[in-house]
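Asker: The sequence and its predicted three-dimensional model are supplied below.
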Amino acid sequence: MGIVENLQKLTKQIPDHVTLVAVSKTKPDEMIMEAYHAGHRDFGENKVQDLAAKQERLPNDIRWHMIGHLQSNKVKYLTSFVHMIHGVDSLKLLKVINREALKNERVIDCLLQVHIAREDTKFGLSGDEVLQMVHSESYGELENIRIRGVMGMASYTENSAQIREEFRQLKRIFEELKATVFSSRKQFDQLSFGMSGDYQLAVEEGSTMVRIGSLIFGSRNY
């Protein structure tokens with residue numbers, strides 16, 4: 001099946017309220033344009049350099065998601081155009097995004113990355129660290145970022161019960177934040193988890209945003 005058929009198949013399986021971010025990292029422009037001509041607009045890249053280059057070359061109504069680990073010194077290359085920054089895992093990074101967003105007269109949507117996997121390889125804050133951060137005085141001064149929700153990546157395992165439990169852990173943190181710190185903010189509405197291997201489980205467990213690459217574009221190009 002081609003890219004268009006893959007997208008059609010996925011959109012039938014994913015409810016309308018769930019955003020499908022097509023992970024286009026390592027993929028050439030032609031493949032992205034195939035998905036674009038099929039009506040898709042949300043694309044995710046994990047390297048700043050690739051994201052900035054593709055943004056310059058491709059249509060300007062694409063909503064670009066920065067889904068990789070973002071280093072503070074590279075934020076400035078994204079802030080004029082990025083639609084959403086996933087994976088914010090420190091107050092330091094949020095402050096840099098805020099500063100660069102201010103220079104561009106923008107308010108940038110961000111997701112806080114929570115560490116839910118039983119692996120040390122993935123980035124993210126603990127539930128307690130998230131609460132500590134959003135209650136801090138310096139967080140309260142950031143006016144050019146908008147926290148839209150939380151995201152996390154489950155362990156790389158075949159054990160679906162474990163994956164489900166990790167997703168539920170993230171959902172509990174999201175609900176606690178929504179009921180307390182963000183209770184007056186309707187825009188705190190994104191619970192992002194689920195990728196090519198576990199997106200169906202993720203949708204069942206309440207994800208509002210899934211990141212899918214290989215099921216759309218085929219296996220990765222390196």
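Answerer: Ah, there it is.
Asker: going forward, measure contacts and count neighbours with C-alpha atoms only.
Answerer: Fine.
Asker: does the residue positioned nearest the centre of the chain sit in a helix, a strand or a coil?
Answerer: For the chain, His86 is the residue whose C-alpha lies nearest the centre (Cα atoms, centre = their mean; 3.6 Å). Classification of His86 by DSSP: H, G, I helix; E, B strand; the rest coil places it in strand.
Asker: Wait, it touches Val114, no?
Answerer: No - His86 lies out of contact with Val114 (Cα atoms under 8 Å); the separation is 10.7 Å.
Asker: which neighbours do these two share?
Answerer: Contact criterion Cα atoms under 8 Å, 6 or more residues apart in numbering; residues shared by His86 and Val114: Met151.
Asker: So which residues of the chain form helices?
Answerer: For the chain, the helices defined by DSSP state H cover 3-13, 29-37, 48-57, 91-103, 127-134, 137-140, 160-179, 199-204, 214-217.
Asker: what's the span of stretch 200-216, first residue to last?
Answerer: Using Cα to Cα, to the nearest Å, the span of stretch 200-216 from its first residue to its last is 15 Å.
Asker: Would you mind checking the average pLDDT for that stretch?
Answerer: The pLDDT scores in stretch 200-216 average 97.
Asker: Can you add mean neighbour count and distance to Arg63 and give the helices of the chain back as CSV?
Answerer: Output for the helices of the chain, formatted as CSV (neighbours: other Cα atoms under 10 Å; distance: least, Cα to Cα, whole Å):
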stretch, mean neighbour count, distance to Arg63
helix 3-13, 15, 17
helix 29-37, 16, 11
helix 48-57, 15, 9
helix 91-103, 19, 17
helix 127-134, 15, 26
helix 137-140, 12, 26
helix 160-179, 18, 24
helix 199-204, 18, 21
helix 214-217, 20, 17
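Asker: Which one of those helices lies nearest to Arg146?
Answerer: Nearest to Arg146, of all the helices of the chain, is helix 91-103, at 9.2 Å by Cα to Cα.
Asker: average pLDDT across the closest one?
Answerer: 98.
Asker: tilt between it and helix 127-134?
Answerer: Put simply, helix 91-103 runs at 40 degrees to helix 127-134, going by axes from the mean of the first three to the mean of the last three Cα atoms, to 10 degrees.
Asker: Outside of helix 91-103 itself, which residues are in contact with it?
Answerer: So helix 91-103 is contacted by 71-72, 75-76, 79-80, 88, 107-108, 133, 139, 142-145 (Cα under 8 Å, 6+ apart).
Asker: Considering the residues you listed, which possesses the most neighbours?
Answerer: Val88 (26 neighbours; other Cα atoms under 10 Å).
Asker: quick one: that one from Val18, how far?
Answerer: Going from Val88 to Val18 by Cα to Cα gives 21 Å.
Asker: Ends of stretch 203-218, what's the gap?
Answerer: Stretch 203-218 end-to-end distance (Cα to Cα) = 21 Å.
Asker: quick one: it to chain centroid distance?
Answerer: Counting by Cα atoms, centre = their mean, to the nearest Å, stretch 203-218 is centred 11 Å from the centre of its parent chain.
Asker: Not counting that stretch itself, show me its contacts.
Answerer: In this structure, residues lying in contact with stretch 203-218 by Cα under 8 Å, 6+ apart are 2-3, 6-7, 14, 17-25, 27, 31, 44, 164, 167-168, 171, 190-196, 199, 202, 219-220.
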